[in-house]
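Q: turn this into a structure:
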Amino acid sequence: MSENPDYYFDENGLVVFTEAYHLKKGFCCGHGCRHCPFKYEAVPEPRRSMFLKNLNQPEEVPN
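A: Numbering: from 1, shown residues only. Below is the predicted model of the structure:
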């Protein structure tokens with residue numbers, strides 16, 4: 001199985017689009033994608049603020 005630069009499957013088997021995919025697309029779709037490089041500019045409030053807040057928090061690393 002070869003790696004695709006546009007997406008991967010997460011631990012739940014869901015398709016997750018990469019930052020590279022979003023950059024090729026060229027705009028924020030407004031769905032709150034995990035790797036949005038556009039700072040969620042098309043996501044309506046209050047969800048946008050929630051996503052931006054989560055961006056600034058470091059991820060928890062399991063022990």
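
Q: residue boundaries of the strands in the chain?
A: Assigned by DSSP state E, the strands in the chain fall at 7-9, 15-17.

Q: tell me which of those strands sits nearest to Y40.
A: Closest approach to Y40 among these is made by strand 15-17 (14.0 Å; Cβ to Cβ). Quick note: C-beta positions are derived from backbone N, CA and C, even for glycine.

Q: contacting residues around L23?
A: Taking Cβ atoms under 8 Å, 6 or more residues apart in numbering as the criterion, L23 is in contact with P37.

Q: start to end distance for stretch 14-27?
A: Counting by Cα to Cα, to the nearest Å, the length from the leading to the trailing residue of stretch 14-27 is 22 Å.

Q: go on, stretch 5-14?
A: From start residue to end residue, stretch 5-14 stretches across 16 Å - Cα to Cα.

Q: taking the mean pLDDT, what do you get for it?
A: Stretch 5-14 carries an average pLDDT of 95.

Q: identify the residues contacting that stretch?
A: Contacts made with stretch 5-14 from outside it, assessed by Cβ under 8 Å, 6+ apart, are listed as V15, V16, F17, T18, A20, Y21, K24.

Q: of those, buried ones?
A: F17, T18, Y21 (16 or more other Cβ atoms under 10 Å).

Q: spatially nearest residue to the first one (excluding sequence neighbours)?
A: Just to be clear, that refers to F17. Once its chain neighbours are removed from consideration, F17 has its nearest residue in Y7; the separation is 5.1 Å (Cβ to Cβ, 6 or more residues apart in numbering).
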